[in-house]
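K.L.:
coordinates only, sequence not included:
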């Protein structure tokens, strides 16, 4: 089974929502999180027990909620870029993703999507997307290799309940 995973450079949370000491290993099957997590790389994740407190920067494993995310059985690995109540958009005048109007510093993004393509909610190819206010109890997820990632740009925010593990350092 191919597993899609993401690992955070910083901010991987294990807060109160995870079981202390319990970890599992997963093998990244795709390229959407490169260079942070390479295809075939094994990563360690702490399963979520109870309610996951989403934090920007966390790299998480989700179960597909369906819709444009697809009906995958393999988990998906993505980075939390915005949480419930925040408004995310792309792009500002310098081409950066903004959250609540403030540009993000994203050193983990190595292969960004094209800036000159107009937004397209049915296709994750363009970097640009219209402002989205993330619903409460949801997260907006992006891959680190935006040029090769299907993520919240086209599939929308994901319920926090879809998160089942957080990658640990």
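P.N.:
Happy to help now that I have it. This is a predicted model, so every value here is computed, not measured.

K.L.:
So in that sheet, which strands flank the longest strand seen in the chain, and in what orientation?
P.N.:
Within the chain, and with DSSP state E defining each element, the longest strand by residue count is strand 76-83. Note on strand 76-83: by DSSP bridges, its sheet partners are strand 59-62 (antiparallel), strand 138-142 (antiparallel).

K.L.:
end to end, how far does stretch 75-88 reach?
P.N.:
24 Å (CA to CA, to the nearest Å).

K.L.:
Oh, that last question was meant for stretch 115-133, not what I typed.
P.N.:
For stretch 115-133, the first and last residues are 21 Å from each other (CA to CA).

K.L.:
which phi and psi does residue 147 have?
P.N.:
phi -70, psi -20 (degrees, to the nearest 10).

K.L.:
Residue 160 reaches residue 138, doesn't it?
P.N.:
Yes: the pair residue 160 / residue 138 is scored as a contact, 6.2 Å apart, by CB atoms under 8 Å. In this view, the C-beta of every residue, glycine as well, is placed from N, C-alpha and C.
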